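Participant: Using only what follows, build the 3D model:
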Amino acid sequence: MIGHKNELYCSTGTVIGRVTGFDHSVIERELPRICAETGADGIEHVITPAFYDNDREKLAYIARSGLRCAVVHADKNIGLFLSRGGDENAREAMRLWRVNCEYARELGCRRAVLHLWGGTESDGNFSYNASFMDEILSTAEKYGIKTLIENIPCVVLDPLSRWRELDKYGCGFIYDVRFGQLHGQNPEILSSEYMMSGRISHMHISDFGGEFRDFSMIRPILHPNEGKVDFPALFRGLRRAGYRGTFTLESPVMSESGLDLDKLVRTLSWLRAEIDAL
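Facilitator: Now for the predicted structure:
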């Protein structure tokens, strides 16, 4: 169903990963039923290194599913390569970004989530990473794509401080509540100028079970209400802010024994109801 005030998407990362052998056929085989049953409006497609192998076949699964691909989550290696520094790594990062924007356009997406930093270096040389923003934004614009920078973990400063360093570029933002919890920034982000102005136009929903800046607890990625995110407070904050953006569920349902699709249905259904109450 399309047309909700605040649209909800299911991340393909909930059902595709190492333990499933990166089997993309599940997009066509299972996700249409799950989206129809839960009221999800489509998918957010996560591009992993495995996607580049037999990419035409994987794109065909999405096309045949009939699902709207509303957002592409760009390859996380883009930020990793940038953070490593050096001309060769930068060229590879920009090549991957261009390829990911091509995929996004082919899928009919208008937005792409980008990890601007990453890896063990994280935000350790942030000014260098940010120096590529003009190229990043201009490349995306050529493909009709709006770039959304995610508040991913930082080891030097914090995500909200890094967002503020990007103000001059006029980019959009994607707010991940799990990483907000990791850095103790959920209340601050909810009342920030980015939320109030609408520059945060998309959100990633999952949970975090660790303490402040406990990076060892980033994985496993928990489902809402399994960790320490205060979801009632989160939705109160979104209601106060008049949030009109979109949401993606990112919590996986993969294990060595298979996919827990019933759990995916339960979580998406819960999230649909919470979003509709906004």
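
Participant: ok, which stretches of the stretch 1-150 of the chain are strands?
Facilitator: 8-11, 42-46, 69-73, 111-114, 146-150 (DSSP state E, counting those that start in this stretch).

Participant: so how far is the first one off the chain centroid?
Facilitator: Averaging C-alpha positions (C-alpha atoms, centre = their mean, to the nearest Å) puts strand 8-11 10 Å from its chain's average.

Participant: From residue 11, how far off is the residue nearest to residue 216 when sequence neighbours are not counted?
Facilitator: Leaving out its chain neighbours, the residue that sits closest to residue 216 by C-beta to C-beta, 6 or more residues apart in numbering is residue 210, at 6.9 Å. The way it works is simple: take the backbone N, C-alpha and C, and place the C-beta from them, glycine included. Noted for residue 210: a distance of 21 Å to residue 11, by C-beta to C-beta, to the nearest Å.

Participant: again with residue 193
Facilitator: Counting by C-beta to C-beta, the gap from residue 193 to residue 11 is 27 Å.

Participant: These two: which is more packed in?
Facilitator: For residue 193 versus residue 11, neighbours defined as other C-beta atoms under 10 Å are more numerous around residue 11 (22 against 11).

Participant: Help me confirm that the more buried one comes into contact with residue 253.
Facilitator: No. Contact between residue 11 and residue 253 fails when scored by C-beta atoms under 8 Å: they sit 10.8 Å apart.

Participant: Can you give me the pLDDT of residue 2?
Facilitator: We have a pLDDT of 48 for residue 2.

Participant: give me the low-pLDDT residue ranges for the stretch 1-150 of the chain?
Facilitator: 1-3 (pLDDT under 70).

Participant: show me what contacts the nearest residue to residue 241 once chain neighbours are set aside?
Facilitator: Distance criterion C-beta to C-beta, 6+ apart; nearest residue to residue 241, sequence neighbours excluded, is residue 195 at 4.8 Å. Residue 195 makes contact with 175, 189, 237, 241, 243, according to C-beta atoms under 8 Å, 6 or more residues apart in numbering.

Participant: now, which of these lie within strands?
Facilitator: Secondary structure from DSSP state E places residue 175 of these in strands.

Participant: Most neighbours among the contacts of residue 195, please name it.
Facilitator: Neighbour-wise, those (other C-beta under 10 Å) top out at residue 175, 30 neighbours.

Participant: how much space is there between that residue and residue 205?
Facilitator: 10 Å.

Participant: I'd like to know which elements the lengthiest helix in the chain is packed against.
Facilitator: What stands out as the longest helix in the chain, according to DSSP state H, is helix 87-106. Judged by 3 or more C-beta pairs under 8 Å, 6 or more residues apart in numbering; DSSP states H and E, helix 87-106 is in contact with helix 55-65, strand 69-73, helix 77-84, strand 111-114, helix 133-142.
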